[in-house]
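> below are the sequence and a predicted model for it; my questions follow.
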Amino acid sequence: MCEHISGCVQPRIPRLGLDLDKKIDALTEGFFAVPIQKNGKRLVGVIGLGSVGRALSSVMGYFHNVIGYDILGEHDWNPILSCEAVFICVQTPEGSDGRLDCSHVHAVLERLKKDRYEGAVVIKSTLRVGFMNTATIKYPDLKLVYSPEFMSEKNAFLWTANPDRIVISGQEELMDHVQKLYYWVENAKIIRTDFKSAEIGKLAHNALIALKVTFTNTMEQISKSYGASADDVMKIVYTDRRVANSAHFLPYKGPYGGKCVPKDTSELINAFAEMTQLLRVADDINNSLTLSKEAMNQELESE
C-alpha cells in the first residue's frame, strides 16, 4: 500500500481539511489523511508520486484503498494490476520543440498494455494537443479516460480534496465509473466532455493565468510611469463583481513562472502557431520581465 506523506491532518467530512486554522503547504509541511472505514471502498492505483500524485494518493487514501507507484525509485508494480482504476500523474515537461513531452505517459501506457491491464486508465498529467486521439489508436485495449488536474502546488491537498471542478473525458461508461470514484466531492462542477476539449481546456486554464499576470505587470508599469498606485488600480479591477478574485491580479509579484503555466502556454503557442498571437505577446512580455529581473538580481549581487 502507498505510504501517506509525513505529517498528520485529521479533517472532517466532507470539506476535507477546510477546518484547519492554517493552510496545508505541500511543499513544506506535507499532508496526510487518516483513512475512514466505509463499505464501497475501491482499490485504486496512483502512478507518479510528484506533487499531483502525492496529493491524489493522500486524498483518495481517505476514501479508497490506494496503491502508489512511482517511475523513480523502488516500487512493486504488480499490485497496480489488481486495481480497478489507475491514475497516471507523471511529469510532462516542455520538450525542445516547445511542445509537452509525454514520453513518461507513453511508457506507463506501454507497460499497462504489455501486462493487459483491464481497469480504467485515468490520465491526470497535462497532455500535448492530440495525445488522446493518438493514444486511443495506439492502445485500443486500454480503457482510457482523460481527467486533467486543476490545483495549486502550495495548496495541493486542499484543492485536490475540495475541487472546484472535475473534468472527465472518454467513453460514457468509463466516465460514469471514474465519476463514482469521486463520490465524496461536494459543490464541484462536473464537466464531462470529449478528449480534444479536455486537452485544450486544461491548457487554456493555465494560458489565462499567463494573460492575467502579464496584464497585471503591464498595468503596474503604466501606474509607475504615471505616478498612480498599482495596488489601487488592480483593486479597482478585481473587485468587479464579475471578477471578485484577486488571484493573479496583485502587482509587484513579478513575471509568471513555475512548473505549469509557462510550459502549458508554450504548448498552445506551438500547437496553434497562427492563432495564438495574443499568447505570443504575453510570452514575449513575460520573457522580457524575466530577463530584467535576472539582470537586476545580478547587478545587486555584484555590488
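Received the coordinates, thanks. Numbering: from 1, shown residues only.

> could you report the neighbour count for Ala135?
Using other C-beta atoms under 10 Å, Ala135 has 21 neighbouring residues. C-beta coordinates here come from the backbone N, C-alpha and C atoms, glycine included.

> after the longest helix seen in the chain, next one along is what?
Among the segments of the chain that qualify as a helix by DSSP state H, the longest is helix 195-226. Once the chain leaves helix 195-226, the next helix or strand it forms, by DSSP states H and E, is helix 230-238.

> now what about that following helix, what contacts it?
216, 219-220, 223-224, 243-246, 249-252 (C-beta atoms under 8 Å, 6 or more residues apart in numbering).

> where does the protein have low pLDDT?
In the predicted model of the chain, residues 1-40, 295-296, 298-303 satisfy pLDDT under 70.

> can you list the domains in it?
Listed domain ranges for the chain are 43-193, 201-302 (source: automatic domain parsing).

> would you mind finding the most buried of the ones you listed?
domain 43-193 (a mean of 19; mean count of other C-beta atoms under 10 Å).

> now do the contacts for Ala271.
So Ala271 contacts 99, 128-130 (C-beta under 8 Å, 6+ apart).

> try it again at 6 Å.
Shown in contact with Ala271 (C-beta atoms under 6 Å, 6 or more residues apart in numbering): Val129.

> what do you get for Phe249?
So Phe249 contacts 216, 234, 237-238 (C-beta under 6 Å, 6+ apart).

> make CSV from the residues you listed and add distance to Met275 to it.
Converted to CSV, the contacts of Phe249 look like this (distance: C-beta to C-beta, whole Å):
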residue, distance to Met275
Thr216, 24
Met234, 29
Val237, 27
Tyr238, 28
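
> what's the closest non-adjacent residue to Arg165?
Lys189 (4.3 Å; C-beta to C-beta, 6 or more residues apart in numbering).

> that neighbour contacts Ile166, doesn't it?
No - with contact defined as C-beta atoms under 6 Å, Lys189 does not reach Ile166; the gap is 7.4 Å.
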